Each structure stands twice: as structure tokens, then as C-alpha cells.
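Participant: pasting the structure only:
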Ligand code: PYC
């Protein structure tokens, strides 16, 4: 019987399952007692991710898919950092594969490290497969993530989707690739989650004909909560919608606002999610002439389970039910 220790948390409603014990020694998991060999100690998070994808993808499926998880669950595997002066490396994954960065997940990982007594208030660096992120644990449990440099690649790309008015999409990088659309009718975001998933999937199919790197869609409309600047619905790659405002998605949004000169550095932008939770975000310039920003996202996460996951040899679904991957 294979077992793992996982700590579940949620950040603004979006779950993160951090694996703290049981990862294979070869991947150099956080709970592994094995001393990494010299060669393994030098592996980057991206190289460890490729090792996991090629050899241990069943761990991903077991840990985030049904019957233990769901389409909305994001997994975070802590691994040794390539640079030993950094706190840890993190591999993010979901029901269909792997994520570059994950903003809500990073906030969940920091709260998990605090819960485990491995992080005190202050600043640290985490390595992800798309770059380093600075994390700050505040005294009141809030966490700020300074995300990877983010930018808009395409402005107002016209897209035609059957049965919809002509739409304009910005394509932007915030640690993952996003297609961002201001809803032509503010009532769109009053639709049910199922309707908005279906609408976003139709939009994504058209966008991917020319931009296959894009795997997240963000629809924006007016906020419902006082103090928020905008409300969004975010479709994730595996067909689930983000219950939080999406950290990498909010970073992409800030990159577009900065490029359009609609937001200035160090001005707080409050992004509301579909379920009414919110993130506080701001940016500083990383490379102003090229429109590249360094966005920061602040929120809180709560640990809501500390459990042992068991994979029984006789259980036909021990390694998850995979209908999508
Ligand atoms: O917060 O960056 C994020 C995220 C990506 C996918 C789900 N959440």
C-alpha cells in the first residue's frame, strides 16, 4: 500500500493539495529521507516536472483526480530548490496536467509551510518551473506573492464565435497563458457556472486555432462587492472554473491594465472572483519599455485538512479516475 501525507488548503475558495510526504526519492520530494545525489540536487523544477510527467504521472492522477480529488483541485509537490539558498521548489498540477505557476496555489503552499512550522513571517523565494517567485508571510497570515514577470503579448485580437457578438481578446502571460475578454454585456457574468464554462470553452477553441499556448480564459465584468474594481470568471485547462480570482490570471490582467495606462505602479487593484472572494493586486515595472511588470497578489489561505492518502493494491481506482487525461 502506497501512502502520502497531504495538507489541503483553500485560497479565496480555490483548493490546493500540498504533498508533503510520499513523493518518490528520485523526484526529491519534501518528505523524502533520501539525500539527493549530486546530479539530482542540481535539477531545476522544470526538469523535476518533466521527470514527474514521464515517470510518475500516476501520482498526479491519484492525488488530484476523483475519487479523492475533483476537477477543481490543484496539487503542489514540494521539491528541493535548485539554488539551496531558496526555500523550496514547487511543481503545480491539476486534473489534466501541469501548470507553469499558480498564484492561489503559492498562497496555499505558504500557509501550509506556516502550519508545518517551516515558515515564519518574512520573505522567502520559491522556485517554480517558470521562474522564481518571492513570497511574504505577514503577521496576520496574509500572504503576498510577487509573481514572475508578466506581459501582454497581443492587444484586442478580434475573435468570432458562432452566435456571439464580435469579441476582442487580449493574450497575456502571468505565469500561464490567458485570453482576457471584457464581456460585451455585463449580464454575462450573472450566468450559471455551467453556462460560463461552456461559453469560455467555445471561446478558447477559437483562440487556440491561432494561439495554441493559451489554456486559460478570463471573462471580466463589473464587480458585485463594494471596494472591488472588477469581477472575473476564469476557466482552467481541465474544464473547472477558478473559485478564486486566479493569481496568474490577475497578473495577466494587471499587465494589460499597465500596458493600457489604466493602472499605475503601487496602486491597489481588487479583483473579485465569480464566487465573490477577492485578491488585492498591484505592480511595479520590471521592464517598462517592453511593458513587462512584476505583479504582486495578496490574500489569505486556510488549511482545512491534514490527511494520509492511501493507494491500496486491490483498489482499481487507487490511482484516480481519469476521464480527461
Ligand atoms: O491562482 O494562478 C492561479 C491559478 C491557476 C489555475 C488555478 N489557479
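Facilitator: Noted; the coordinates are in hand. Treat the numbers as computed from the prediction; the structure is a model and nothing was measured.
Participant: Chain neighbours aside, what residue packs nearest to residue 257?
Facilitator: The shortest distance from residue 257 to any non-neighbouring residue, by Cβ to Cβ, 6 or more residues apart in numbering, is to residue 263 (3.9 Å). C-beta coordinates here come from the backbone N, C-alpha and C atoms, glycine included.
Participant: hmm, I was thinking of residue 135
Facilitator: Residue 135's closest residue in space is residue 110 (Cβ to Cβ, 6+ apart), at 5.0 Å.
Participant: residues in contact with stretch 131-146?
Facilitator: Residues from elsewhere that reach stretch 131-146, judged by Cβ atoms under 8 Å, 6 or more residues apart in numbering: 86-87, 101, 103, 106-107, 110-111, 114, 119-126, 147-149, 175, 247, 294-301.
Participant: How about that stretch and the ligand, touching?
Facilitator: No. Stretch 131-146 lies out of reach of the ligand by Cβ under 6 Å from any ligand atom, never closer than 9.2 Å.
Participant: The residue nearest to residue 135 - how many residues pack around it?
Facilitator: Residue 110: 27 surrounding residues under other Cβ atoms under 10 Å.
Participant: quick one, what contacts it?
Facilitator: Counting by Cβ under 8 Å, 6+ apart, the residues that residue 110 touches are 119, 135, 137, 143, 145, 301.
Participant: I'd like the next helix or strand past the helix or strand where it lies.
Facilitator: Assigned by DSSP states H and E, residue 110 belongs to helix 103-115. Elements were assigned by DSSP H and E; along the chain past helix 103-115, the next helix or strand is strand 122-128.
Participant: Quick check: the gap between the residue nearest to residue 267 when sequence neighbours are not counted and residue 145.
Facilitator: Nearest non-adjacent residue to residue 267, counting by Cβ to Cβ, 6+ apart: residue 282, 6.2 Å away. Distance of residue 282 to residue 145, given as Cβ to Cβ, to the nearest Å: 12 Å.
Participant: Between those two, which is the more surrounded one?
Facilitator: Set residue 282 next to residue 145 and count neighbours by other Cβ under 10 Å: residue 145 wins out with 30 against 20.
Participant: Output the contacting helices and strands for the longest helix along the chain.
Facilitator: In the chain, taking DSSP state H as the definition, the longest helix is helix 193-210. In terms of contacts (3 or more Cβ pairs under 8 Å, 6 or more residues apart in numbering; DSSP states H and E), helix 193-210 is packed against strand 151-159, strand 167-173, strand 177-182, strand 216-221, strand 230-235.
Participant: Up against the ligand, what does the chain have?
Facilitator: Counting by Cβ under 6 Å from any ligand atom, the chain sits next to the ligand at 14, 74, 99, 102-104, 176, 236, 242, 244, 246-248.
Participant: So which of these is the closest to residue 213?
Facilitator: residue 176 (9.4 Å; Cβ to Cβ).
Participant: That closest one touches residue 218, doesn't it?
Facilitator: No. At 10.7 Å, residue 176 does not count as touching residue 218 under the criterion of Cβ atoms under 8 Å.
Participant: do you know how far the residue lying closest to residue 294 once chain neighbours are set aside is from residue 103?
Facilitator: Distances taken as Cβ to Cβ, 6+ apart put residue 286 closest to residue 294, at 4.3 Å, once the chain neighbours are dropped. According to Cβ to Cβ, residue 286 stands 16 Å off from residue 103.
Participant: still on that earlier bit, can you redo the residues of the chain next to the ligand as a markdown table with pLDDT?
Facilitator: Shown next, in a markdown table, are those (pLDDT from 0 to 100):
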| residue | pLDDT |
| --- | --- |
| 14 | 98 |
| 74 | 98 |
| 99 | 98 |
| 102 | 98 |
| 103 | 98 |
| 104 | 98 |
| 176 | 98 |
| 236 | 98 |
| 242 | 98 |
| 244 | 98 |
| 246 | 98 |
| 247 | 98 |
| 248 | 98 |
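Participant: Give me the common contacts of residue 282 and residue 145.
Facilitator: Common neighbours of residue 282 and residue 145, using Cβ under 8 Å, 6+ apart, are residue 296.
Participant: Helices of this protein, start to end?
Facilitator: Going by DSSP H, the chain shows helices at 38-41, 45-55, 57-64, 103-115, 193-210, 247-259.
Participant: Isn't residue 125 up against residue 84?
Facilitator: No. Applying Cβ under 8 Å, one finds residue 125 not in contact with residue 84, separated by 11.4 Å.
Participant: quick one: which of those two has more around it?
Facilitator: Neighbour count, other Cβ under 10 Å: between residue 125 and residue 84, residue 125 has more, with 15 against 7.
Participant: which one is the more buried one nearest to, not counting chain neighbours?
Facilitator: Closest to residue 125 by Cβ to Cβ, 6+ apart is residue 86, at 4.4 Å.
Participant: What is the neighbour count of the one you found?
Facilitator: Using other Cβ under 10 Å, residue 86 has 14 neighbouring residues.
Participant: The ligand versus that one, what's the distance?
Facilitator: 20 Å (Cβ to the nearest ligand atom, to the nearest Å).
Participant: repeat for residue 180
Facilitator: 14 Å.
Participant: For burial, what's the neighbour tally of that residue?
Facilitator: Neighbour tally, residue 180, other Cβ under 10 Å: 24.
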